[in-house]
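*Asks:* coords please:
(chains A and B)
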2 protein chains.
Amino acid sequence: VAYLDCVGWREVAAAIASLAVRGAPAVGLAGAYGVALAAREASGRASGGRTAGPAEVEEAAAALRAVRPTAVNLGWAVDRTLAAWRRGGPEAAAAAAVGLHAEDRDRCEAIAAVGAPLLREGSRVLTVCHTGALATGGCGTALGIIARAHREGRLERLFVCETRPHLQGARLTMWECGQLGIPATLIVDAAAAHVMRTAGVTAVLAGADRIAANGDVANKIGTYALAVLARHHGRPFYVAAPGSTFDAETPDGGAVVVEERDAEEVRGQAAPAGCDVSNPVFDVTPASLVTAYITERGVKEEAAACWT
Amino acid sequence: VAYLDCVGWREVAAAIASLAVRGAPAVGLAGAYGVALAAREASGRASGGRTAGPAEVEEAAAALRAVRPTAVNLGWAVDRTLAAWRRGGPEAAAAAAVGLHAEDRDRCEAIAAVGAPLLREGSRVLTVCHTGALATGGCGTALGIIARAHREGRLERLFVCETRPHLQGARLTMWECGQLGIPATLIVDAAAAHVMRTAGVTAVLAGADRIAANGDVANKIGTYALAVLARHHGRPFYVAAPGSTFDAETPDGGAVVVEERDAEEVRGQAAPAGCDVSNPVFDVTPASLVTAYITERGVKEEAAACWT
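*Replies:* Predicted coordinates for the structure are as follows:
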């Protein structure tokens, strides 16, 4: 366990870029605190004695937003904090960031409360990537639901896809499961179909980075495969995400820009140097494969019912 | 590129166990040469001056067979070489192994010749694991077909699943593609669904470790997922394998013992020490998801048509 203290907005941006902060809600909160730090620097009250003009706050907001263009939460949280700064200066920006953090904690609790009843006695759940406390300001989204079902005695086992190339499932989800005493089994991503067929998986639960107006879900690469596999095996595929993940500006999944990350992440030590690689970070799951969306406002079978 | 000289059958068994030799046909040939080496040792003519009794040949055959219980080719090639030894001694065993090797070379050519026409002009193929020259005594199975379609000018691109945990796709298939000038793109296993939907994949081609009497296919973990994804996207899913992979003794996929390998292969450096892992090496693809089987005897939609 390592803590990273970021005292300037550029450090926050670098932390988001390097994936030291990851998970849509946590990235959003980091962005909000980043804008609040920029506002403090611009006011001349930065702890390091560094000063900057108001233009830097706007620039910082734009730069923070641009680090992860697919993460709609980031843009949303940055914009809310920036608006607070425009209205009330650095104190208002700081209060906005702290407020967003508290809201996120409550939102996670609400998601867990409404989602946990979907997991009945003896649930065997499959999940991907990481959607726990380290990804949010609270207990998490999909993993918050799973943790609550476990506390309530209904989770028999969780299967965790390791989630190449960054291995967030192996690194983060398995670590949080260890902390929480959740009975969890790590598998390679390619074993999901086999596990679904042979290990009695009762539900697939994933998070979301962006949900389009028509309900298409952009999330970690591999999510779409799990949705197809769940449909093939007749198991429910649930998406858990805060309402802020729903993006009215994105009509459907086709409008989502899928980031390609560095080829070296996939090549690693194994593949020939310089070989061609495609390394999409996200994929898009069509709304037709989503059994239900779980937000802080409840469980809805149709994305249209999730809008504020 | 490293060459491994095995001068005793125990070294051959160790090479199979450590996956220095892998791929069903290559493992079978290694097993055959292993029996031939044991026969030479038993005859007192071992190069190292080491001698052993005839009982050791039977023991060696049993031990070689047991290294990879799911690999039906191994048992088959070991048994053929052992039978030759019983009939004609060490010379016959050596001749049997050499003969099996030559047969495999011809068989690979035949598989490539009958399979390549399935890949039409502009083919964009998805494959998994490694099924090339390094896996056989000849040009390979699925990759042999792909290489031939490439030589004949009809392959636009090959997408290669990296194939965790051993990364045979990244390590071996991408290396062979580089040697052969095949335009190949490496992806993480979890990206297969996204690539199938967005990159115009026209066919999925996989090998097989064992094909049951009813046509169910045991192959590298992840193959089953690709078959489900191909069906969902309306793309053909082909299995290429020598006739010896068809195992009349295995009525269906349910009778295949799926090996679980060491948990540490999956945990690596990323997952918490000692966390629970499931690491199945194979999965079973039901016959209903296989568009056609490609063997040295032709392309057949039904497994029943593939038996000798």
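
*Asks:* Which SSE is immediately downstream of the least confident helix or strand in chain A by mean pLDDT?
*Replies:* Within chain A, no helix or strand scores below strand A:246-247, which has a mean of 88 by mean pLDDT, DSSP states H and E. Once the chain leaves strand A:246-247, the next helix or strand it forms, by DSSP states H and E, is helix A:264-267.

*Asks:* Is chain B within reach of that following helix?
*Replies:* Yes: using CB under 8 Å from any CB of the partner chain, helix A:264-267 comes into contact with chain B via A:266, A:267. Quick note: C-beta positions are derived from backbone N, CA and C, even for glycine.

*Asks:* which helices and strands does that helix pack with?
*Replies:* When contacts are defined as 3 or more CB pairs under 8 Å, 6 or more residues apart in numbering or on different chains; DSSP states H and E, helix A:264-267 packs onto strand B:184-187.

*Asks:* where along chain A do the strands fall?
*Replies:* All strands of chain A, identified by DSSP state E, fall at A:123-127, A:155-161, A:184-187, A:203-206, A:210-212, A:217-220, A:237-240, A:246-247, A:276-277, A:282-285, A:292-295, A:298-300.

*Asks:* Out of the ones you listed, flag the one nearest chain B.
*Replies:* Closest to chain B of the strands of chain A is strand A:282-285 (CB to the nearest CB; 3.8 Å).

*Asks:* Return the most buried member of the strands of chain A.
*Replies:* Comparing the strands of chain A by mean neighbour count (mean count of other CB atoms under 10 Å in any protein chain shown), strand A:217-220 ranks first with a mean of 28.

*Asks:* Do me a favour and average the pLDDT over that one.
*Replies:* Strand A:217-220 carries an average pLDDT of 96.

*Asks:* What strands flank it, and is each parallel or antiparallel?
*Replies:* The pairing partners recorded for strand A:217-220 under DSSP bridges are strand A:210-212 (antiparallel), strand A:282-285 (antiparallel).

*Asks:* what's that strand in contact with?
*Replies:* Here strand A:217-220 makes contact (CB atoms under 8 Å, 6 or more residues apart in numbering or on different chains) with A:70, A:128-129, A:163, A:168, A:206-212, A:223, A:227, A:239, A:253, A:256, A:258, A:281-285, A:287, A:290.

*Asks:* Could you tell me the least trusted of the strands paired with strand A:217-220?
*Replies:* Per-segment mean pLDDT for the strands paired with strand A:217-220 reaches its minimum on strand A:210-212, at a mean of 94.

*Asks:* contacting residues around residue A:204?
*Replies:* A:125, A:126, A:127, A:196, A:226, A:227, A:229, A:230, A:235, A:236, A:237, A:238.

*Asks:* One more pass at 7 Å, please.
*Replies:* A:126, A:226, A:230, A:235, A:237, A:238 (CB atoms under 7 Å, 6 or more residues apart in numbering or on different chains).

*Asks:* ok, now residue A:125?
*Replies:* By CB under 7 Å, 6+ apart, the contact list for residue A:125 reads A:119, A:146, A:155, A:158, A:202, A:203, A:205.

*Asks:* who's it bridged to?
*Replies:* Counting by DSSP bridges, residue A:125 forms beta bridges with residue A:158, residue A:203.

*Asks:* which stretches of chain A have low pLDDT?
*Replies:* Judged by pLDDT under 70, chain A has its weakly predicted residues at A:45-52, A:307-308.

*Asks:* Spell out which parts of it neighbour chain B.
*Replies:* Residues of chain A lying close to chain B (CB under 7 Å from any CB of the partner chain) are A:162, A:164-165, A:167, A:170-171, A:174-175, A:178, A:184-195, A:221-222, A:224-225, A:228-229, A:232, A:266-267, A:270-272, A:275-278, A:280, A:283.

*Asks:* out of the residues you listed, which are inside helices?
*Replies:* Among the residues of chain A next to chain B, DSSP state H puts A:174-175, A:178, A:192-195, A:224-225, A:228-229, A:232, A:266-267 in helices.

*Asks:* I'd like those residues written out as JSON lines, with neighbour count added.
*Replies:* Compiled in JSON lines, those are given as follows (neighbours: other CB atoms under 10 Å in any protein chain shown):
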{"residue": "A:174", "neighbour count": "27"}
{"residue": "A:175", "neighbour count": "19"}
{"residue": "A:178", "neighbour count": "16"}
{"residue": "A:192", "neighbour count": "28"}
{"residue": "A:193", "neighbour count": "26"}
{"residue": "A:194", "neighbour count": "24"}
{"residue": "A:195", "neighbour count": "22"}
{"residue": "A:224", "neighbour count": "30"}
{"residue": "A:225", "neighbour count": "30"}
{"residue": "A:228", "neighbour count": "24"}
{"residue": "A:229", "neighbour count": "27"}
{"residue": "A:232", "neighbour count": "18"}
{"residue": "A:266", "neighbour count": "21"}
{"residue": "A:267", "neighbour count": "21"}
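
*Asks:* wait, which of those is closest to residue B:42?
*Replies:* residue A:194 (41.3 Å; CB to CB).

*Asks:* Quick check: the gap between the closest one and residue B:280.
*Replies:* Residue A:194 is 6 Å from residue B:280, where distance means CB to CB, to the nearest Å.

*Asks:* What about residue A:121, how many residues nearby?
*Replies:* The local packing of residue A:121 (other CB atoms under 10 Å in any protein chain shown) involves 11 other residues.

*Asks:* Now do the contacts for it.
*Replies:* Taking CB under 7 Å, 6+ apart as the contact definition, residue A:121 lies against residue A:154.

*Asks:* Now the phi/psi pair for it, please.
*Replies:* Taking degrees, to the nearest 10, you get phi -40, psi 130 for the backbone angles of residue A:121.

*Asks:* before we move on, what about residue A:182?
*Replies:* phi -80, psi 130.

*Asks:* wait, isn't it in contact with residue A:150?
*Replies:* Yes: between residue A:182 and residue A:150 there is a contact under CB atoms under 7 Å: 4.9 Å.

*Asks:* Name the nearest residue to the residue in the stretch 201-308 of chain A that chain B sits nearest to, sequence neighbours excluded.
*Replies:* For the stretch 201-308 of chain A, the residue closest to chain B is residue A:222, as judged by CB to the nearest CB, at 2.9 Å. What sits nearest to residue A:222 in space, not counting adjacent residues and going by CB to CB, 6 or more residues apart in numbering or on different chains, is residue B:190, at 2.9 Å.

*Asks:* which residues sit in contact with the residue in the stretch 1-150 of chain A that chain B sits nearest to?
*Replies:* Of the residues in the stretch 1-150 of chain A, the one nearest chain B is residue A:128, at a distance of 7.8 Å by CB to the nearest CB. Taking CB under 7 Å, 6+ apart, we find residue A:128 in contact with A:161, A:163, A:169, A:206, A:220, A:222, A:223, A:226.

*Asks:* go with 6 Å
*Replies:* A:161, A:163, A:206, A:220, A:222, A:223, A:226 (CB atoms under 6 Å, 6 or more residues apart in numbering or on different chains).

*Asks:* and what of residue A:104?
*Replies:* Contact partners of residue A:104, counting by CB under 6 Å, 6+ apart, are A:25, A:136, A:137, A:138.

*Asks:* Now do the contacts for the residue in the stretch 51-200 of chain A that chain B sits nearest to.
*Replies:* Chain B sits closest to residue A:190 of the stretch 51-200 of chain A, with a gap of 2.8 Å, by CB to the nearest CB. Shown in contact with residue A:190 (CB under 6 Å, 6+ apart): B:189, B:221, B:222.

*Asks:* The last one: neighbour count?
*Replies:* Residues contacting residue B:222 under the criterion other CB under 10 Å number 28.

*Asks:* and it, backbone torsions?
*Replies:* Main-chain torsions, residue B:222, degrees, to the nearest 10: phi 110, psi -20.
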